[in-house]
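**Q** here is my input, please return the structure:
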Amino acid sequence: MVKTLVFLLFVAFVYGKSIVHFDIEGVSILFYYGPSLEDVSTQHIKESLKILEHEKFDKSKPTALYLHGFHEHQSSESVQTVVKAYYERGDHNILTLDWAIMCNDSYFKAAFIQVNDMGSAFAPILLEMFDNGLDIEKFHLIGHSLGGQLAGIIGRVVHSKSADKVLLKRITALDPAFPGFLNTPLSPSVSSDDADFVDIIHTDSGIYGTPFAIGDADFFPNGGLGKQPGCPLRNFEPLTDLDLCSHRRSWAFWAESVTGKSEPFWAIPAKKYIDFITGKNRNYTSMEDIVEMGINCPSSAKGTYYLKTGTSSPYSLGLKGV
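**A** Numbering: from 1, shown residues only. The predicted structure follows:
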């Protein structure tokens, strides 16, 4: 743990530059309507209602809103991969939030501070969208890394701003950021309180990703450890592609589940990874206890789940993974 904290402080200060002041003017919401990634309607965040008026926006469909992470933007691989996955699926409206201006500078001096401002600013806009035809029953908020923490903040502010009358139906956090989010009252993490159902996929526990079980259902593929199959040994040069490999597996798994072209990511409940590996104290008695990680995860799933994955795409091993 000491080594982890030293590493996180190293990331914070080596990449620290200057404090960027919160400026909502640089934030946009995008509606990707296909068939190419260039088919997109971009609106300033204050004009988000215009998305609902777009001729290609189908209010009868489920809507997914994806939130990118630290040092990412709309051209990042994670955003493009997730959007393409929803294109392939073909049954969702897919939105993304471009808040790169808030999270492309220093982590602790800017992004970590401004993620709360971003959540507080966007939650009322989202409530307004619900009031104007966005179906909350079919709305799904998904975020990666710092975007996963942003999803939790948005969820809890929506709840508080509505006098506890509105609670998002589902939040999925993909390896939500760990630095600074210690799951304490002073430093809360995304949690099961932030939506009716919160599922978490942990792939870089204790380094870039949160190691705690914090959702209704927490999935730890390959133990959730920071050396996912197919990723290289850590070189501890922060924020390099090699170093982020395990962290990024979370959105790769998610996108694969969205397309539905591979076998399901079946997972089984267990108290600890060693229990999953050895078969000791596994908390299941029948196939009914095996659940699917990813977009088709049932809201009835509760507790911690484990599975194994492959080293490259397609990552799912189906039932062989359990």
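
**Q** could you measure from the nearest residue to Ile24 once chain neighbours are set aside over to Lys272?
**A** The shortest distance from Ile24 to any residue other than its chain neighbours is 5.3 Å, reached at Ala121 (CB to CB, 6 or more residues apart in numbering). No exception for glycine: its C-beta is placed from N, CA and C like everyone else's. Ala121 is 40 Å from Lys272, where distance means CB to CB, to the nearest Å.

**Q** equivalent analysis for Glu53, please.
**A** 50 Å.

**Q** these two - which one has more neighbours?
**A** When neighbours are counted by other CB atoms under 10 Å, Glu53 and Lys272 differ, and Lys272 comes out ahead with 14 against 11.

**Q** and the gap between the more buried one and Tyr86?
**A** Computed as CB to CB, the Lys272 to Tyr86 distance reads 34 Å.

**Q** returning to that earlier point: okay, the residue nearest to Ile24: pLDDT?
**A** Looking at Ala121, its pLDDT reads 95.

**Q** which of the helices or strands spans it?
**A** Ala121 belongs to helix 112-131 when elements are defined using DSSP states H and E.

**Q** the strands in the stretch 1-150 of the chain, which residues?
**A** Ranges of strands within the stretch 1-150 of the chain are 28-32, 40-44, 63-67, 93-98, 139-144, based on DSSP state E, counting those that start in this stretch.

**Q** mind checking those strands for the one nearest to Val258?
**A** Closest of the strands of the stretch 1-150 of the chain to Val258 is strand 63-67, at 8.3 Å (criterion: CB to CB).

**Q** quick one: average pLDDT of the closest one?
**A** Per-residue pLDDT values over strand 63-67 give a mean of 98.

**Q** check stretch 228-243 too.
**A** Stretch 228-243 shows an average pLDDT of 87 in the prediction.

**Q** cool, stretch 190-200 as well?
**A** 98.

**Q** lowest-pLDDT helix or strand in this structure?
**A** Lowest on mean pLDDT, DSSP states H and E among the helices and strands of the chain sits helix 2-14, with a mean of 43.

**Q** dump the strands of the stretch 1-150 of the chain into a markdown table; add distance to Leu186 and mean neighbour count as well.
**A** Shown next, in a markdown table, are the strands of the stretch 1-150 of the chain (distance: least, CB to CB, whole Å; neighbours: other CB atoms under 10 Å):
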| stretch | distance to Leu186 | mean neighbour count |
| --- | --- | --- |
| strand 28-32 | 31 | 22 |
| strand 40-44 | 33 | 15 |
| strand 63-67 | 23 | 25 |
| strand 93-98 | 26 | 24 |
| strand 139-144 | 22 | 26 |
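
**Q** in a markdown table, list the ones you listed along with distance to Lys165.
**A** Below are the strands of the stretch 1-150 of the chain laid out as a markdown table (distance: least, CB to CB, whole Å):
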| stretch | distance to Lys165 |
| --- | --- |
| strand 28-32 | 23 |
| strand 40-44 | 26 |
| strand 63-67 | 20 |
| strand 93-98 | 23 |
| strand 139-144 | 16 |
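
**Q** which one of these lies nearest to Trp254?
**A** Closest to Trp254 of the strands of the stretch 1-150 of the chain is strand 139-144 (CB to CB; 7.0 Å).

**Q** about what we covered before: count of neighbours near the residue nearest to Ile24?
**A** Considering only other CB under 10 Å, Ala121 is surrounded by 19 other residues.

**Q** now do Ser120
**A** 16.

**Q** so Thr259 sits against Arg89, correct?
**A** Yes. Here Thr259 reaches Arg89: they are 6.1 Å apart, a contact under CB atoms under 8 Å.

**Q** before we move on, the earlier item: send the alpha carbons of the helix holding Ala121 over as PDB?
**A** C-alpha atoms of helix 112-131 as PDB (Å, rounded to 0.1, in the frame of the first residue of the first chain):
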ATOM      1  CA  PHE A 112      -9.600  15.900  -9.200                       C
ATOM      2  CA  ILE A 113     -11.000  19.200  -8.000                       C
ATOM      3  CA  GLN A 114     -13.100  20.000 -11.100                       C
ATOM      4  CA  VAL A 115     -14.800  16.600 -11.400                       C
ATOM      5  CA  ASN A 116     -17.100  17.700  -8.600                       C
ATOM      6  CA  ASP A 117     -17.800  21.000 -10.300                       C
ATOM      7  CA  MET A 118     -18.500  19.100 -13.500                       C
ATOM      8  CA  GLY A 119     -20.900  16.800 -11.800                       C
ATOM      9  CA  SER A 120     -22.700  19.600 -10.000                       C
ATOM     10  CA  ALA A 121     -23.000  21.600 -13.200                       C
ATOM     11  CA  PHE A 122     -24.300  18.700 -15.400                       C
ATOM     12  CA  ALA A 123     -26.800  17.100 -13.000                       C
ATOM     13  CA  PRO A 124     -29.400  20.000 -13.300                       C
ATOM     14  CA  ILE A 125     -29.100  19.800 -17.100                       C
ATOM     15  CA  LEU A 126     -29.700  16.100 -17.000                       C
ATOM     16  CA  LEU A 127     -32.800  16.700 -14.800                       C
ATOM     17  CA  GLU A 128     -34.000  19.200 -17.400                       C
ATOM     18  CA  MET A 129     -33.500  16.600 -20.200                       C
ATOM     19  CA  PHE A 130     -35.600  14.100 -18.200                       C
ATOM     20  CA  ASP A 131     -38.300  16.700 -17.900                       C
END
